[in-house]
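Colleague: let me see the structure of the following:
(one chain, ligands or ions: 1)
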Amino acid sequence: MSTRITELVGIKYPIFQGGMAWVADWHIAAAVSNAGGLGIIGVGGADENWLCDQINKCREATDKPFGVNLMLMNPRADEIAKVIAEEKVKVVTTGAGSPEKYMDMWKKAGIIVIPVIAGVALAKRMEKCGASAVVAEGTESGGHIGEATTMALIPQVVDAVSIPVIAAGGIADGRGVAAAFMLGAEGVQCGTVFCACDEVNVHQNYKDMILKAKDNSTRVTGRSYGHPVRQIRNALSNKYLEMESSGVTFDELEGLTVGSLRKAVVEGDKNEGTFMAGQIAGLVNEQRPAKVIIETMFADAAKLMGREI
Ligand code: TUI
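Modeller: Model (predicted):
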């Protein structure tokens, strides 16, 4: 299934693994890249030393291309951006902001820059300042999200830019891939399905939360603060939403969630952890190797689209 994305990045299947904070370390990145997709190391809130170590480990584990995701709210984003340029990582994706100020440095280093955007305006701005493609992420996604759904967002972004568009949000099988392609996408990015795969380095409780989730299991906290985060409903999200609706300030609520993503990923704390996941968690019912996930997804998508893989 050759598209401008497979050509640009040098991968077999047009699929990226989302750069999920705490979740997406070299284990899953190397597994996805070895399976023919683009694995991505998600820096999240970590620092540049952690990233250097992860890049080295990923290079030992795969000779295929992989990427790094810079979460732009990271207080050490400047230092991390520099390491990405120095290490000449093949692809960088960004989230939770605009990477404009790093664009020249990355382009000069020969890095393919693919920002994750949640709206048309930022997609256009990214094309203008040199992005090679964009990931358009619908509100079905896990973690920090925008407003528009994947179904509404993708065709609008496709019409607004000439660079290729990768669809994210609500995609976990061949039907999702085929649908995204019908909307004009040339690739997909998946997070949730890889968060419950064999190789991912997360606590088994996190995988089980996804595997057991239903269609209506996720909740969005922080909407009223302009900081919406989708996660699997649990005691912590219930408490957060209760306090949010009672008018507690964002600063007061910060204490409740400090370190809660780590508690979910590392400790598997079902009550006090934040289990970020997308709405498609309800479709993910089986833990499988990354290679099986990807090959099944594209065999099914090819059948649906009546084309060869
Ligand atoms: O970034 C994400 N998803 C994330 S980041 C993250 S780390 C985190 N940890 C704890 C609490 C909160 C976050 C978890 N999930 N996805 C990409 C994405 N980017 N979604 C939405 C956006 C976005 C939103 C606003 C991008 C740009 C933007 O505005 C920028 C501007 O300047 O216009």
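
Colleague: confirm residue 16 sits in a strand?
Modeller: Yes. Looking at residue 16 with DSSP: H, G, I helix; E, B strand; the rest coil, it is inside a strand.

Colleague: let the chain start at 402 from now.
Modeller: Yep, numbering from 402; the last one is residue 417 now.

Colleague: from the ligand, how far out is it?
Modeller: 12 Å (CB to the nearest ligand atom, to the nearest Å). Quick note: C-beta positions are derived from backbone N, CA and C, even for glycine.

Colleague: for that residue, which residues are in contact?
Modeller: 438, 439, 441, 468, 494, 536, 567, 569, 588, 589, 590, 591 (CB atoms under 8 Å, 6 or more residues apart in numbering).

Colleague: rerun that using 7 Å as the cut-off
Modeller: Residue 417 sits next to 438, 439, 441, 536, 567, 588, 590 when contact means CB atoms under 7 Å, 6 or more residues apart in numbering.

Colleague: would you say the third one is within a helix?
Modeller: No. When the secondary structure is assigned by three-state DSSP, residue 441 falls in strand instead of a helix.

Colleague: correct me, but it touches residue 418?
Modeller: Yes. Using CB atoms under 7 Å, residue 441 is in contact with residue 418, at 5.5 Å.

Colleague: of those two, which one has the most company?
Modeller: residue 418 (33 against 29; other CB atoms under 10 Å).

Colleague: once you drop chain neighbours, what's closest to that one?
Modeller: Counting by CB to CB, 6 or more residues apart in numbering, residue 418 lies nearest to residue 433, which is 4.2 Å off, once chain neighbours are set aside.

Colleague: surely that neighbour is in a strand?
Modeller: No. Under three-state DSSP, residue 433 falls outside any strand and is assigned helix.

Colleague: OK, contacts around it?
Modeller: Per CB under 7 Å, 6+ apart, neighbours of residue 433: 418, 439, 440, 595, 691.

Colleague: which one of these sits in the busiest neighbourhood?
Modeller: residue 418 leads those on contacts (other CB under 10 Å) with 33 neighbours.

Colleague: check what contacts stretch 474-493 and list those residues.
Modeller: Contacts for stretch 474-493 (CB under 7 Å, 6+ apart): 410, 439, 444, 446, 448-449, 452-453, 456, 466-469, 471, 497-498, 503, 506-507, 510-515.

Colleague: mind checking which of those residues land in strands?
Modeller: 467, 468, 469, 471, 513, 514, 515 (DSSP state E).

Colleague: those: which two are farthest apart?
Modeller: 467 and 514 (15.0 Å; CB to CB).

Colleague: who's more crowded, these two?
Modeller: residue 467 (27 against 21).

Colleague: measure the more buried one to residue 562 for me?
Modeller: Relative to residue 562, residue 467 is positioned 25 Å away (CB to CB, to the nearest Å).

Colleague: could you do residue 545 as well?
Modeller: Applying CB to CB to residue 545 and residue 562 gives a distance of 22 Å.

Colleague: same check, this time on residue 478
Modeller: The value you get for residue 478 to residue 562, if CB to CB is used, is 24 Å.

Colleague: and if you look at residue 540?
Modeller: From residue 540 to residue 562 the distance is 20 Å (CB to CB).

Colleague: take the ones in strands among the contacts of stretch 474-493 and write them to TSV, including pLDDT and distance to the ligand.
Modeller: Converted to TSV, the ones in strands among the contacts of stretch 474-493 look like this (pLDDT from 0 to 100; distance: CB to the nearest ligand atom, whole Å):
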residue	pLDDT	distance to the ligand
467	98	18
468	98	14
469	98	14
471	98	10
513	98	17
514	98	14
515	98	11
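
Colleague: most neighbours among those residues, which one?
Modeller: residue 515 (30 neighbours).

Colleague: so what's that residue up against?
Modeller: Counting by CB under 7 Å, 6+ apart, residue 515 has contacts 492, 494, 532, 533, 534, 535, 536.

Colleague: could you look up the SS state of the fourth one?
Modeller: At residue 533, secondary structure determined by three-state DSSP is coil.

Colleague: do the last one as well
Modeller: Under the three-state scheme (three-state DSSP), residue 536 adopts strand.
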